[in-house]
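Student: Pasting a predicted model and its sequence here:
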Number of protein chains: 2
Amino acid sequence: MQTLNVDLGERSYPIHIGQNLLTQPLLAPFIKGRQVMVVSNETVAPLYLETLLAQLSGFQVDRVILPDGESFKTLEQIERIFDALLTQRHNRTTTLIALGGGVIGDMTGFAAACYQRGVAFIQVPTTLLSQVDSSVGGKTGVNHPLGKNMIGAFHQPQVVLADTSVLSTLPERELSAGLAEVIKYGLIHDVEFLTWLEQNMSPLRQRNPDALAYAIYRSCEIKAEMVALDERESGVRALLNLGHTFGHAIETDRGYGQWLHGEAVGAGMMMAADLSARLGWLSQADLDRVRRVLEAAGLPVVPPTEMSAERFLELMAVDKKVIDGNLRLVLLQCLGDAVVTDDFPVDALTATLTAGDALGQV
Amino acid sequence: MQTLNVDLGERSYPIHIGQNLLTQPLLAPFIKGRQVMVVSNETVAPLYLETLLAQLSGFQVDRVILPDGESFKTLEQIERIFDALLTQRHNRTTTLIALGGGVIGDMTGFAAACYQRGVAFIQVPTTLLSQVDSSVGGKTGVNHPLGKNMIGAFHQPQVVLADTSVLSTLPERELSAGLAEVIKYGLIHDVEFLTWLEQNMSPLRQRNPDALAYAIYRSCEIKAEMVALDERESGVRALLNLGHTFGHAIETDRGYGQWLHGEAVGAGMMMAADLSARLGWLSQADLDRVRRVLEAAGLPVVPPTEMSAERFLELMAVDKKVIDGNLRLVLLQCLGDAVVTDDFPVDALTATLTAGDALGQV
């Protein structure tokens, strides 16, 4: 087991990464009161809930099992968590434990942020995506019909357990979606890590534990470094949104859950790379590398053919990264170095949005 | 106009107190972006919304008018604020302005805390209660059918405008409810202020602007001092809940809005004083003073006759002040000095809960 410390002053917390973590006594030291509410979903609970509960003897343990999927990441489902907490009389010293992917993590964290104005929570992410992304950084929240993650809070967990063993039951498509975020860290911050990913995509997709552990560790390390510099996302942390403005538009257009978040981010990163090349920042060879590594991870590299440039612009205009009417995007100055900018010709953006199958050939 | 600074480091903010503040250019300096969402209710908006809007020329100003009353302090109504923000495309630089009493202030503050994980907000409290209580300290939130203020966040405003002129349209009963919280500050922290209140209850109820301004200033000053010491309510701030554990039980039993919050707190403070006397901390003369000042303010001094001791205990058990099963109450060691304690005989509590009309005679 490796442990990474996310340095946020009094809100610092450790991320444990390794095999068979769920069967070890790693949770109890982080539970301050005697009440625990485990939040999971209908897919994950049958697989791992009993294993988790075996480590929680001696506590009052209650549970909420929510339906599985991004379409249930709503205030309405959050109310079910509040109902359970109040019905079971959980007080301010309770600890919420999220057992599931990013949706469960985001919702449980938000419920913990709001219940009695803030209680403790623990993340046990069960997808590669949530292990490398949504369990690090304290972002919590739910979707609104008019925009993804529009309602939420910053709330840090007490500890994160990233158990590589649970990835054995992860569907192929979701593994690929997680790899999209892993590739993102290489693209925005570490070209050597990108090279390592190009060389290790096959063992990663075969779920080699050592390869997964390294990919998770390095991804969390890069994210933790950026979050520590900028907890409230006013500066460098925005670089973590590479591909996300395009990706969120795809997810919103398709309806939540049709494209997985990582798939939308995969296509979105290709669009960001394409626009970066149109600005003269990436070469055709760079673009080819981006497309190949995304394809090797099993990800889409073009947006849905049904989405027009107008539709993209309409949906991107309500994105959180819009400041006072200017569309700000994360683009690549070179592989391994990202920048936030609103300084690009509209024609270049339009060319990217209308490229279709020719995306990545500029 | 007097200005009190609430000292919370980088979250510090001023409270302006005085006559005709709404007609002065006091808001614009605290609005950082160009978008403003005014949240008000159907009672207050017809009286003061246009006056407020006259100070907001040059901004994109949108509005949400909610129904009036504690029974609408729900997540469902909060969603109307989110809907308006997203439909009007408000971004992260937007500022929410709460124009109304405590319900509007708490809901607007909570919406601001959650919208895009936190945007700015301004409090323009229009009731005495909200001017002295809910606009100071950063507590925001909504009710749940199983408990008051169970869902919320700590979120500080940019500025508070406590305009004594708007109290001219406040119903008599709501003025009295506000005076309950004013009396509370005297009881928990400042017996000289309590004496001043005993001597000035008549001008206060006649809405003398100078008397009101002093009562508001001193109340906010005491609260600000306690909040600054303890922003997250782990210690001294809990003393501000004198009468609230009993009061919340009354409000929950009656259904939100049947007893005004201040009325329930009035009876609750009488119950806390009664229990304090049973512990030997207050004399009969002290109890008589508490009852007389509450009565002079036009407040109830006994709980609803329908509420049994069992019902009180059942409802108090889910109160936020319950820590690991022990009922903690704010009691008075003497007039002007409160303490949080779980060290009292159950018999004494039961005697208070069953005293009925004999409450305050021990």
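Tutor: Good, I have the coordinates. Numbering: from 1, shown residues only, chains lettered A, B, ... in the order given.
Student: Can you point out the buried residues in the host helix or strand of A:Asp210?
Tutor: Using DSSP states H and E, A:Asp210 maps to helix A:209-229. By neighbour count with 16 or more other Cβ atoms under 10 Å in any protein chain shown, helix A:209-229 contains the buried residues A:211-224, A:226-228. C-beta: built from backbone N, CA, C; applies to glycine.
Student: pLDDT below threshold where in chain A?
Tutor: A:231-234, A:256-257, A:318-325 (pLDDT under 70).
Student: Give me every residue in it lying close to chain B.
Tutor: Residues of chain A found near chain B (Cβ under 8 Å from any Cβ of the partner chain) are A:33-34, A:75, A:79, A:82-83, A:86-87, A:89, A:91-93, A:113-118, A:139, A:141, A:144, A:146-147, A:150-154, A:232, A:317-318, A:320, A:322-324.
Student: how does it look with 6 Å?
Tutor: Selection of chain A residues close to chain B by Cβ under 6 Å from any Cβ of the partner chain yields A:82, A:86, A:89, A:91-92, A:114, A:116-117, A:144, A:146-147, A:151-154, A:318, A:320, A:322.
Student: Now, these that are in strands?
Tutor: A:144, A:147, A:151-154, A:322 (DSSP state E).
Student: need those in a markdown table with neighbour count and distance to A:Trp281, can you?
Tutor: Shown next, in a markdown table, are those (neighbours: other Cβ atoms under 10 Å in any protein chain shown; distance: Cβ to Cβ, whole Å):
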| residue | neighbour count | distance to A:Trp281 |
| --- | --- | --- |
| A:His144 | 20 | 34 |
| A:Gly147 | 19 | 29 |
| A:Ile151 | 25 | 35 |
| A:Gly152 | 23 | 32 |
| A:Ala153 | 21 | 35 |
| A:Phe154 | 17 | 31 |
| A:Val322 | 18 | 22 |
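Student: and the two most separated of the residues you listed?
Tutor: For those, with distances taken as Cβ to Cβ, the pair at the greatest spread is A:Ala153 and A:Val322 (20.5 Å).
Student: Quick check: the gap between A:Ser71 and A:Ala45.
Tutor: 18 Å (Cβ to Cβ, to the nearest Å).
Student: neighbour-wise, which of these two wins?
Tutor: A:Ala45 (21 against 14; other Cβ atoms under 10 Å in any protein chain shown).
Student: measure that one to chain B for me?
Tutor: Distance of A:Ala45 to chain B, computed by Cβ to the nearest Cβ, to the nearest Å: 24 Å.
Student: Hmm, that residue is touching A:Arg63, no?
Tutor: No: the criterion here is Cβ atoms under 6 Å, and A:Ala45 misses it with A:Arg63 at 7.7 Å.
Student: Not counting sequence-adjacent ones, nearest residue to A:Gln131?
Tutor: Spatial nearest neighbour of A:Gln131, chain neighbours left out: A:Ala162 (4.2 Å); criterion: Cβ to Cβ, 6 or more residues apart in numbering or on different chains.
Student: which stretches of chain A form helices?
Tutor: Taking DSSP state H, the helices of chain A run over residues A:45-53, A:75-87, A:102-114, A:128-129, A:172-189, A:191-205, A:209-229, A:244-254, A:261-278, A:284-296, A:309-316, A:346-353.
Student: give me every residue that touches the nearest residue to A:Leu204 once chain neighbours are set aside.
Tutor: With sequence-adjacent residues excluded and distances taken as Cβ to Cβ, 6+ apart, A:Leu204 is closest to A:Ala211, at 5.0 Å. Residues in contact with A:Ala211 (Cβ atoms under 6 Å, 6 or more residues apart in numbering or on different chains) are A:200, A:203-204.
Student: from those residues, which would you call buried?
Tutor: Buried members of the contacts of A:Ala211, scored by 16+ other Cβ under 10 Å, are A:200, A:204.
Student: And the contacts of A:Ala211, which is closest to A:Arg173?
Tutor: A:Leu204 (14.6 Å).
Student: So what does the residue at the greatest distance from the centre of chain A have for phi and psi?
Tutor: When distances are taken from the C-alpha mean of chain A, A:Gly58 lies farthest, 32.5 Å away, according to Cα atoms, centre = their mean. With angles defined as degrees, to the nearest 10, A:Gly58 sits at phi 100, psi -10.
Student: Roughly how far does it sit from chain B?
Tutor: Using Cβ to the nearest Cβ, A:Gly58 is found at 14 Å from chain B.
Student: Give the bridge partners for A:Asn327, please.
Tutor: Wrong residue type there; residue A:327 is Leu, not Asn. Beta-bridge pairing of A:Leu327 under DSSP bridges involves A:Val322.
Student: What degree of burial does A:Ala54 show, as a neighbour count?
Tutor: Residues lying near A:Ala54 (other Cβ under 10 Å) number 11.
Student: A:Ala273 is in contact with A:Arg289, isn't it?
Tutor: No: using Cβ under 6 Å, A:Ala273 makes no contact with A:Arg289, being 9.2 Å away.
Student: Looking at the two, which is more packed in?
Tutor: Each of A:Ala273 and A:Arg289 has its neighbours counted (other Cβ under 10 Å); A:Ala273 has more, 29 against 19.
Student: what residues are up against the more buried one?
Tutor: A:282, A:287, A:290, A:332.
Student: now those in CSV, with distance to A:Arg254 and neighbour count?
Tutor: Below are the contacts of A:Ala273 laid out as CSV (distance: Cβ to Cβ, whole Å; neighbours: other Cβ atoms under 10 Å in any protein chain shown):
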residue, distance to A:Arg254, neighbour count
A:Leu282, 27, 25
A:Leu287, 25, 21
A:Val290, 22, 25
A:Leu332, 25, 25
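Student: would you list those in CSV and tack on distance to A:Phe246?
Tutor: Output for the contacts of A:Ala273, formatted as CSV (distance: Cβ to Cβ, whole Å):
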residue, distance to A:Phe246
A:Leu282, 16
A:Leu287, 15
A:Val290, 14
A:Leu332, 13
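Student: ok, the residues you listed vs A:Thr51, which is closest?
Tutor: The shortest approach to A:Thr51 among the contacts of A:Ala273 belongs to A:Val290, at 38.4 Å (Cβ to Cβ).
Student: Nearest spatial neighbour of the closest one, chain-adjacent residues omitted?
Tutor: Using Cβ to Cβ, 6+ apart, the closest residue to A:Val290 is A:Ala273 (4.5 Å).
Student: do A:Ile78 as well
Tutor: According to Cβ to Cβ, 6+ apart, the nearest residue to A:Ile78 is A:Ala111 (5.4 Å).
Student: any idea how far the one you found is from A:Pro125?
Tutor: 16 Å.
Student: What of A:Gln77?
Tutor: Remark: distance between A:Gln77 and A:Pro125 (Cβ to Cβ) = 18 Å.
Student: give me the number of residues near the closest residue in space to A:Glu181 that isn't next to it in sequence?
Tutor: Distances taken as Cβ to Cβ, 6+ apart put A:Asp133 closest to A:Glu181, at 4.5 Å, once the chain neighbours are dropped. Per other Cβ under 10 Å, the neighbour tally for A:Asp133 reads 27.
Student: Tell me which residues touch A:Leu275, please.
Tutor: Counting by Cβ under 6 Å, 6+ apart, A:Leu275 has contacts A:348, A:352.
Student: check contacts around A:Gly18.
Tutor: Applying Cβ under 6 Å, 6+ apart to A:Gly18 gives the contacts A:Met1.
Student: May I have the beta-bridge partners of it?
Tutor: For A:Gly18, the beta-bridge partners under DSSP bridges are A:Asp163.
Student: Can you give me the end-to-end span of stretch A:353-362?
Tutor: Using Cα to Cα, to the nearest Å, the end-to-end distance of stretch A:353-362 comes to 13 Å.
Student: And for it, what's in contact with it?
Tutor: Residues contacting stretch A:353-362 (Cβ under 6 Å, 6+ apart): A:270, A:274, A:277-278, A:287, A:291, A:302, A:309, A:312.
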